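Engineer: Quick check, what structure comes out for this input:
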Amino acid sequence: MVCIRCKMVVKQELRKLGLHFVVVNLGEVELMENITATQKQRFKSAIGRFGLELMDDKKSILIEKIKNVVVELVHYTDDSLKTNFSTHLSEKLEYDYTYLANLFSEVEGITIEHFVIIHKIERVKELLVYDELSLKEISYKLHYSSVAHLSNQFKKITGLTPSHFRKLKNYRRAGLVDLTSGAESEGDPDS
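Structural biologist: Below is the predicted model:
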């Protein structure tokens, strides 16, 4: 589960099955009672219709927890970390960072660091599309050391500079305005 909507779906499906939960966090559910095999299968089927899956494998669960920490940190937290990311992840998941990093790379085929960068760039793209913050403000918000550092990572991942990306977004928006205004004038006999 990597979004608030996913958590809502999980809670809804648990309630339908008459299961009581203590906590539904991104990637994990703590139930008040034991779940039967039948309930588990029904739950698995129900959430599957929403593109979610139930994980039983401890390594898969740990990988999801790593992803959830990254997503939560990049997309839902504005506070800067008091420690570096590796220490934060180790403390949060109660595993040695080297173990987490090796497991993640083995299963996902990329490093945790690269996964973090990809999500940070996705967040930058969102903020550029919203067009409410300057590049300097985005850089600060996402804890980059400088605008140049952000720009270099952005170009490395997307192939575009942040300013070019923003221009493309504005170009697409202008194109849509042209399309809608053109459609209105074509359909209006008074034009």
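
Engineer: can you pull the contacts of residue 5?
Structural biologist: Residue 5 sits next to no residue when contact means CB atoms under 8 Å, 6 or more residues apart in numbering. The way it works is simple: take the backbone N, C-alpha and C, and place the C-beta from them, glycine included.

Engineer: Show the pLDDT at it.
Structural biologist: We have a pLDDT of 81 for residue 5.

Engineer: May I ask which helix or strand encompasses it?
Structural biologist: Using DSSP states H and E, residue 5 falls within helix 4-16.

Engineer: likewise residue 22?
Structural biologist: Taking DSSP H and E as the criterion, residue 22 maps to strand 21-25.

Engineer: Direction included, what does that strand pair against?
Structural biologist: strand 28-31 (antiparallel) (DSSP bridges).

Engineer: Off-centre distance for the partner strand?
Structural biologist: Distance of strand 28-31 from the chain centroid (CA atoms, centre = their mean, to the nearest Å) equals 20 Å.

Engineer: From the rest of the structure, what touches it?
Structural biologist: By CB under 8 Å, 6+ apart, the surrounding residues in contact with strand 28-31 are 10, 14, 19, 20, 21, 22, 23, 24, 61, 65.

Engineer: what's the angle from the next helix or strand after it to helix 4-16?
Structural biologist: Going down the chain from strand 28-31, the next helix or strand is helix 37-48, by DSSP H and E. On the basis of axes from the mean of the first three to the mean of the last three CA atoms, to 10 degrees, helix 37-48 is oriented at 150 degrees to helix 4-16.

Engineer: Report all helices and strands that helix 37-48 contacts.
Structural biologist: Contacts defined by 3 or more CB pairs under 8 Å, 6 or more residues apart in numbering; DSSP states H and E place helix 37-48 against helix 4-16.

Engineer: Confidence-wise, which helix or strand of the chain is lowest on average?
Structural biologist: Taking mean pLDDT, DSSP states H and E as the measure, the chain has helix 162-187 as its least confident helix or strand, at a mean of 63.

Engineer: So which bits of the helix or strand encompassing residue 59 are buried?
Structural biologist: For residue 59, the element it lies in under DSSP H and E is helix 58-76. By neighbour count with 16 or more other CB atoms under 10 Å, helix 58-76 contains the buried residues 62, 63, 64, 65, 66, 67, 68, 69, 70, 71, 73, 74.

Engineer: could you redo those residues as TSV and give each row distance to residue 132 and pLDDT?
Structural biologist: Converted to TSV, the buried residues of helix 58-76 look like this (distance: CB to CB, whole Å; pLDDT from 0 to 100):
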residue	distance to residue 132	pLDDT
62	36	90
63	34	92
64	31	88
65	32	89
66	30	93
67	27	92
68	26	88
69	26	91
70	24	92
71	21	90
73	21	87
74	18	88
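
Engineer: so residue 63 touches residue 102, yeah?
Structural biologist: No: under the criterion of CB atoms under 8 Å, residue 63 makes no contact with residue 102, lying 11.7 Å away.
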